[in-house]
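> output the structure for:
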Amino acid sequence: MFSRETVQKLRSASRGKDFPAPLFFVQGNPDEARSFFGRFWPEARAVSDPEHFFFDAFGARRGSWWQLLGPRVWVAALRALFKGNSIGRPVGDPRRMPALVLVRDEKVVWQHEFRHAGDLPDSPAIPWNRVECCGLSASPSHERANA
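A predicted model of the protein is given here:
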């Protein structure tokens, strides 16, 4: 449910703007990733990471029960449901917390610290809405060359 909401939010934020092409890391296998993104963002790029190599590298640890089932998660679940995001079949470790990071030249230049599983940053807080803040080129050719 929260993965769908996050992908929809990022896809919406990327429309009509100079927005770096996101790269998603998923716990599922490549077929599961293709199925998910085929429904929610067919043009998205994704890397299958069932061993959690990148999840660990970006600090996406297993959440506590409070982070996964606490009252804030229930409020976030209602928000996601009202946006049309239903609960799906878990893929990978359902206790794995999400990560949202901006990487530039092999360095993490921004990261959202998730307080709970349904926590999403406000769109203005995501620096790639203002790509110049992190020294990124807004040109699509630059993004492809560095992808």
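
> what about the helices in this protein?
Applying DSSP state H to the chain gives helices spanning 2-14, 30-40, 53-57, 65-69, 71-82, 140-146.

> list the contacts of the fourth one.
Among residues not part of helix 65-69, those counted as contacts by CB atoms under 8 Å, 6 or more residues apart in numbering are Val73, Pro94, Arg95, Met97, Phe114, Arg115, His116, Ala117. Bear in mind the C-beta positions are built from the backbone N, C-alpha and C, glycine included.

> among those residues, which one has the most neighbours?
Ala117 (22 neighbours; other CB atoms under 10 Å).

> against Arg79, how distant is it?
12 Å (CB to CB, to the nearest Å).

> same deal with Phe53?
Note on Phe53: its distance to Arg79, by CB to CB, is 31 Å.

> what does Phe2 give?
Phe2 sits 10 Å away from Arg79, going by CB to CB.

> also Pro71?
Taking CB to CB, one finds Pro71 at 13 Å from Arg79.

> got a list of what Phe36 touches?
Ser3, Val26, Gly28, Val91.

> for Pro90, give me phi and psi.
Phi and psi for Pro90, reported as degrees, to the nearest 10, are phi -60, psi 140.

> just flag the most distant two among the contacts of helix 65-69.
Using CB to CB, the contacts of helix 65-69 span at most 17.6 Å, a distance reached by Pro94 and Arg115.

> what is the neighbour count of Glu32?
Neighbours of Glu32 (other CB under 10 Å): 17.

> flag every buried residue along stretch 101-111.
Leu102, Trp110 (16 or more other CB atoms under 10 Å).

> what's the end-to-end length of that stretch?
4 Å (CA to CA, to the nearest Å).

> same check, this time on stretch 13-20
Span of stretch 13-20 from end to end, CA to CA: 11 Å.
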